[in-house]
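Q: Would you be able to build a 3D model of this:
(one chain, ligands or ions: 1)
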Amino acid sequence: APDPVFVAVDIGASSGRVMAARVVDGRVVLEAVHRFDNGAVRRDGHLRWDLSGLFEQVLVGLAAVVERHGGAASIGIDTWAVDYGLLDADGRLLAEPVAYRDDRTHGVAGRIHARIPAERLYAINGLQELPFTTLYQLLAEQSEPGWAQARHALLLPDLLACWLTGERRTEVTNASTTGLLDARTRTFDAGLLGALGLPADLFAPLIRPGETLGTVTAEVAARTGLDPATRVVAVGSHDTASAVVGVPAQDRAFAYVSSGTWSLVGVELDEPVLTEESRAANFTNEGGVDGRVRYLRNVGGLWLLQESLRTWREQGHEVDADVLLAEAAVLPAGGPVVDVDDERFIAPGDMPARIRQACGRAGREAPGTPAEVVRCILDSLAVAYARTVAQAVELSGAEVDVVHVVGGGSQNALLCQLTADLSGLEVRSGPVEATALGNVAVQARAAGVLTGDLEDLRAALRVGLDLRTFTPHRSTVGVGNGQT
Ligand code: LFR
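A: Numbering: from 1, shown residues only. Predicted structure coming up:
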C-alpha cells in the first residue's frame, strides 16, 4: 500500500496553504498543494474574515490532494487563535467572523475587570492581556444585533472542521486562547462563563489533538473526490500550538520564536506559571499539545513589515520586500527601535507613519527611507525577542540553551543574527513550515505512523532538515537604545 497522506490545512492571517505529507523512511516529506491569500476586509461596519471564501479554498486544496495522491488518510486544520463564528439554532453562520484587529473591543477589558479583577482572571485563565482575547470579543458581541439569535460559537478551525464533517467540537489548544478555560484543568470555567453572562454550552464540547472529530460529509466527498471515510483529526488547531510541536529541538532546553504575522516568543513547560510577576510581565499560559504549556508572550511581528509594504504600494511606491531587506541589512547598527508591542500597531494602517511617530514620542531620530523603516522594524523585533526569551527564562525557571526561530521570519538572516547577538544565545532557524509539520506530526501519530511523545515527534521532524545556526556576536543594537 502507498504511504498514507496526511493533509495539513494551515491558514494564517495573511495566507493559507493546504499541504500533503507522507512519512517516507522515517522522514516527514511535506509538499505544498495549494496556496491562497487571506486578509481581513471591512464589511458591515467591522473588519471581517471571509471564512466562507477560505472554506472554498480548502475544498480546492483537498481536490488537488485527491488529484495528486488519489486520496488522504486524514485532514488536520489550524488557523490563528481567538476568533470565532456564531451559529444560529439551525447551525447557520450568522455573519462572517469579525477579525481580532477590529476596534470593537476598545475599552472592553476595563468593563470586564470591573466584574472580575485582572488578578483573579489571570489566576484562572493564565492569559496575557490582549485586547482581542475571545472573552473580550464576546462581551462586545453581546451588544450587537445578531447576538439574540446566536446559539453556538465555534472557533475558526473548529468551524471549518464542522463544515467538513458536520461535527461541532472545540479543540482544546485553541480553546485555551479564549480566556474561558481554567489554565490548570484545561476545562471551561463555568463560573467565568456565568459571570460574563455567557451560556454554559455556548462552545461545543472539548476535543484533544489526536482525537478523531469525524469523517467528511457526503457533500464534501462529492466536491473533492475524497473517500467519504476520510477522517478529520483534531491537531493543535491553534497555529502556534502546531508550530511549537514543529520546533526541531534536540531536547527540552529551548526557547522558540514562532515568527509570522505575530511573533510568539517563549518556552514549553509542564505546568502553568500563574504568579503575580508573570501577570505583570504579561506572559501567557496557552495550552499545548499533550497537555504541555506554551508559556509565551505575543510580540509584534512581520505584520509591521506587511502593513508598511502595503502602505508604500498604496502610496504608489514600487517596493520589493527582498530588495528592502537586503538594503536594511547593510545599514549601520544602532538606529532607532520602537516598542513593537505598542497597541497602536494592532489595527491596519499607515505603519511607517506610526513608527515615525513612536520614534518621535521617544525622542529618537525617526527612520526616513523605506529601508530605514524596515531596519527599524527588524532591530525592534530582535530587541523584543531577546528581552522576551530572557523574561520567560527568569519567570519560569526553564533551562534554555538555544533559541529556535520557525515560520516565515526564520528566513530573515538579519533578524536571526540580531536575535543571537542580543540574547547571547545560539539561534537555529527553520523550518518555515513548522506549523504544517506540527499539524501532520499529530495526525501521523494518531494513525500509528509516528509514535511517542513530542520529543519523539520532533526527532522525526528533524530528519533531513537543514537548519541554519547563528552564533552570538557582540551586541549591535538595543543596549542604551531606549529599550530595555
Ligand atoms: C499567530 C496567532 C497568535 C494569536 C494571534 C491572534 O498566528 O495565532 O498565537 O495570538 O495569531 O489569533
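
Q: Only C-alpha atoms from now on, for both contacts and neighbour counts.
A: OK.

Q: The closest residue to residue 224 other than its chain neighbours: how many residues sit nearby?
A: Spatial nearest neighbour of residue 224, chain neighbours left out: residue 63 (4.2 Å); criterion: CA to CA, 6 or more residues apart in numbering. Residue 63 has 23 neighbours, counted by other CA atoms under 10 Å.

Q: quick one: which helix or strand includes residue 63?
A: Residue 63 is part of helix 51-69 when elements are defined by DSSP states H and E.

Q: what's next to that helix, contact-wise?
A: With contact meaning CA atoms under 8 Å, 6 or more residues apart in numbering, helix 51-69 is reached by 5, 9, 17-18, 20, 33-36, 38, 71-72, 96-97, 160, 220, 223-226.

Q: so the next helix or strand after that helix versus helix 51-69, what angle?
A: Once helix 51-69 ends, the next helix or strand along the chain (criterion: DSSP H and E) is strand 74-79. In terms of direction (axes from the mean of the first three to the mean of the last three CA atoms, to 10 degrees), strand 74-79 departs from helix 51-69 by 150 degrees.

Q: chain center to the helix or strand following strand 74-79: distance?
A: Next in sequence after strand 74-79, counting helices and strands by DSSP H and E, comes strand 84-87. How far strand 84-87 lies from its chain's middle: 19 Å, per CA atoms, centre = their mean, to the nearest Å.

Q: now do stretch 80-96
A: Remark: stretch 80-96 is offset 20 Å from the chain centroid, using CA atoms, centre = their mean.

Q: Ok, stretch 455-474 next?
A: On the basis of CA atoms, centre = their mean, stretch 455-474 sits 20 Å off its chain's mean C-alpha point.

Q: Quick one: mean pLDDT over it.
A: Mean pLDDT, computed over stretch 455-474, is 94.

Q: And stretch 174-182, by the same measure?
A: With pLDDT averaged residue by residue, stretch 174-182 scores 98.

Q: again with stretch 79-90
A: Mean pLDDT, stretch 79-90: 98.

Q: Buried residues in the helix holding residue 63, which are they?
A: By 16 or more other CA atoms under 10 Å, the buried positions in helix 51-69 come out as 51, 54-55, 57-66.

Q: could you say what helices and strands the helix or strand of the chain with the lowest mean pLDDT packs with?
A: Counting by mean pLDDT, DSSP states H and E, the chain has its least confident helix or strand at helix 108-115, which shows a mean of 92. With contacts taken as 3 or more CA pairs under 8 Å, 6 or more residues apart in numbering; DSSP states H and E, helix 108-115 sits against helix 134-141.

Q: CA atoms only for the very next helix or strand once past the helix it packs on - export them in CSV, please.
A: Remark: after helix 134-141, the chain's next helix or strand is strand 152-155, criterion DSSP H and E. Taking C-alpha atoms only, strand 152-155 is exported to CSV below (Å, rounded to 0.1, in the frame of the first residue of the first chain):
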residue,chain,number,x,y,z
HIS,A,152,-23.3,28.2,19.2
ALA,A,153,-19.8,29.7,19.0
LEU,A,154,-17.2,27.9,17.0
LEU,A,155,-13.5,28.9,16.9
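
Q: Going by contacts, tell me the helices and strands next to strand 152-155.
A: Packed next to strand 152-155, using 3+ CA pairs under 8 Å, 6+ apart, are strand 84-87.

Q: can you tell me the helix or strand for residue 244?
A: Residue 244 belongs to helix 239-245 when assigned by DSSP H and E.

Q: touching the ligand at all, that helix?
A: Yes - Helix 239-245 reaches the ligand (CA under 6 Å from any ligand atom) through 239, 240.

Q: Which residues does the very next helix or strand once past that helix contact?
A: Next helix or strand after helix 239-245 toward the C-terminus (DSSP H and E): strand 254-259. Residues external to strand 254-259 that are found in contact with it (CA under 8 Å, 6+ apart): 240, 243-244, 247, 263-268, 301-302, 385, 389, 399-410.

Q: and what of stretch 88-99?
A: Under CA under 8 Å, 6+ apart, the answer for stretch 88-99 is 40, 46-52, 83-87, 146, 149-152.

Q: got the buried residues for it?
A: Residues of stretch 88-99 classed as buried: 88, 93, 95, 96, 97, 98, 99 (neighbour count, 16+ other CA under 10 Å).

Q: What about the ligand: which of those touch it?
A: Filtering those for proximity to the ligand by CA under 6 Å from any ligand atom leaves nothing.

Q: between the residues you listed, which is nearest the ligand?
A: residue 99 (8.9 Å; CA to the nearest ligand atom).

Q: how far away is that closest one from residue 47?
A: For residue 99, the distance to residue 47 (CA to CA, to the nearest Å) stands at 6 Å.

Q: if I look at those two, which residues touch both of them?
A: By CA under 8 Å, 6+ apart, residue 99 and residue 47 have these common neighbours: residue 40.

Q: Isn't residue 346 up against residue 103?
A: No - at 9.4 Å, residue 346 does not count as touching residue 103 under the criterion of CA atoms under 8 Å.

Q: and residue 313, what are its phi and psi?
A: Main-chain torsions, residue 313, degrees, to the nearest 10: phi -70, psi -40.

Q: quick one: contacts for it?
A: Residue 313 neighbours (CA under 8 Å, 6+ apart): residue 319.

Q: How about the contacts made by residue 308?
A: Contacts of residue 308 (CA under 8 Å, 6+ apart): 350, 351, 352.

Q: quick one: what helix or strand has it in it?
A: helix 303-314.

Q: Report the distance from that helix to the chain centre.
A: 20 Å.

Q: For the helix or strand that comes right after that helix, give me every contacting residue.
A: For helix 303-314, the following helix or strand on the C-terminal side (DSSP H and E) is helix 321-329. Helix 321-329 has contacts (CA under 8 Å, 6+ apart) with 309, 370, 371, 372, 374, 375, 414.

Q: still on that earlier bit, between the helix or strand just after the least confident helix or strand of the chain and helix 108-115, how big is the angle?
A: Of the helices and strands lying after helix 108-115 in sequence (DSSP H and E), the nearest is helix 118-125. Angle, helix 118-125 to helix 108-115, by the same axes, to 10 degrees: 90 degrees.

Q: quick revisit: quick one: which of the contacts of residue 308 is nearest to the ligand?
A: residue 351 (18.5 Å).

Q: thinking that closest one is in contact with residue 304, fair?
A: Yes - contact criterion CA under 8 Å: residue 351 and residue 304 qualify, at 6.3 Å.
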